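**Student:** predicted model, plus sequence, below.
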Amino acid sequence: MTLTLIRQDLAAMAAEAELTLPEPAPRDGRAEHETEQRLHPAVQQAAHEALAGFRASPEHAALIADLPAMNLHQLRFRLQALLEGPHFEPLFATIRSAAELDIDPTDMIPKAISLGAMVQGVLVVGLSGSVGYVTDIDLKNGNSGIYVGGAIDIGAEAGLELAACLGFWRNPVDKLKGTYVGEEVDIDDGLGLDEAAFTNDDELALIFIGFDLGLDDGMENTDYYFFEFDPSAPPIYQPGNATYLVQLWSMQCENSKDDWDTIYFEFLQDDDSTVYRFPAWDGYAMCQPDNSDNPIPGATRNTINPCSNWSVGLVIKFNSSFKLRLHIGDQTMADTTITAGDYVEGGGHFQVTWDPVIASNQILYTLDTAMVRE
């Protein structure tokens, strides 16, 4: 299983942030980290129950199946919807009621919580560990973003193995960046849950809870580095000049995936790794022609139905080629590379067809494009 798109996006974000990993402390110069702190038992119990229920759900199965084809933006919003959804609401309620709990001085009440994937393989700039969505416990007034991190002083085995995990952070989102030291691994053989603890400044700072985390006793006294960033909405405007301008004219849905599909484009210019998105948020609702008499789901009877045709209007700049990627619901179609030469035979026009990729739903979309400057 691979995470190609997510790792590419992570690499681009790390480069933009000019991420530099700290040097691990010498082994013989480290003090033993023996903390008696723990996650409050009520929070721990709620986490176990929530994670067990989530793992048995169709949503978890879909997440694991979709991860290899997802980019970082898709991952962020999928995990946000899951973490803030019904599976984990009882856990949030337990944490928020911490003031009513019998608090022991050694109990850690987290200020941030995350839902992510534990990855056995290199994610970015030498980090092998975990990536996911993290948010302050106060969803309305707190911060949120993507975290990434892991071991910085040991090699990672080839290949990737994924396991969903919850993270409980001592610090809020805007202060979680830093070096953490593996403290211990407690294995709950009853439920099959693993727990991994990490310290920062000799205090318990992070606990991961999950199934098959892939961590063992070798993590103890090992440096881990975590950082957070907010992958804001991808850009739709291309700065600078380019030789050619192409406009996406008209998109036709000849056969839909889910009766009604929400679609959007991503594109890359020449050899630039920047991924642009259109529309900038959400997508455009489309259906197949024989569904044109049906109203938009949830709309009134008098609503105009865009249905099977969309006048896109997007203009793309490029010098030699651009790559176009179509997302249809939760399905990502194969990339299409378009060059200036493709418009020669068509007299300035070029048509792109996304053929069926799943026999059961027969997705079929066609896009008309035109050269507007050469």
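**Tutor:** Sure, I can see it.

**Student:** quick check: end-to-end length of stretch 336-351?
**Tutor:** Using CA to CA, to the nearest Å, the end-to-end distance of stretch 336-351 comes out at 11 Å.

**Student:** use 33 as the first number for this chain going forward.
**Tutor:** All set: I'll call the first residue 33, so the last point we hit is now stretch 368-383.

**Student:** return the set of buried residues in it.
**Tutor:** For stretch 368-383, the neighbour count (16 or more other CB atoms under 10 Å) marks 368, 370, 372, 374-375, 382 as buried. All C-beta spots, glycine's among them, are computed from the backbone N, C-alpha and C.

**Student:** biggest helix in this protein, by residue count?
**Tutor:** Looking across the chain with DSSP state H, the single longest helix is helix 73-87.

**Student:** check which element follows that one along the chain.
**Tutor:** helix 90-98 (DSSP states H and E).

**Student:** state the mean pLDDT of that following helix.
**Tutor:** Here helix 90-98 scores 89 as its mean pLDDT.

**Student:** buried residues, whichever helix or strand comes after that helix. List them.
**Tutor:** Sequence-wise, the next helix or strand downstream of helix 90-98 (DSSP H and E) is helix 104-115. Buried residues in helix 104-115, counted by 16+ other CB under 10 Å: 104-108, 110-112, 114-115.

**Student:** next, the contact list for the residue nearest to residue 38 when sequence neighbours are not counted, please.
**Tutor:** Using CB to CB, 6 or more residues apart in numbering and skipping residues adjacent in sequence, the residue nearest residue 38 is residue 104, 5.4 Å away. Listed by CB atoms under 8 Å, 6 or more residues apart in numbering, the contact partners of residue 104 are 37-38, 41-42, 45, 178, 263.

**Student:** farthest pair within these?
**Tutor:** Using CB to CB, the two most remote members of these are 37 and 178, lying 13.6 Å apart.

**Student:** neighbour count winner among the two?
**Tutor:** residue 178 (25 against 21; other CB atoms under 10 Å).

**Student:** alpha carbons of stretch 270-283, as CSV, please.
**Tutor:** The C-alpha trace of stretch 270-283 is given here as CSV (Å, rounded to 0.1, in the frame of the first residue of the first chain):
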residue,chain,number,x,y,z
GLN,A,270,-1.4,30.7,-11.5
PRO,A,271,1.0,33.6,-11.1
GLY,A,272,3.4,34.7,-13.8
ASN,A,273,3.3,34.5,-17.6
ALA,A,274,3.2,31.4,-19.8
THR,A,275,3.3,30.7,-23.5
TYR,A,276,-0.1,29.1,-23.9
LEU,A,277,-3.5,29.6,-22.4
VAL,A,278,-6.2,26.9,-22.6
GLN,A,279,-9.8,27.3,-21.4
LEU,A,280,-11.9,24.4,-20.1
TRP,A,281,-15.1,25.1,-21.9
SER,A,282,-17.8,22.5,-21.3
MET,A,283,-18.0,19.4,-19.1
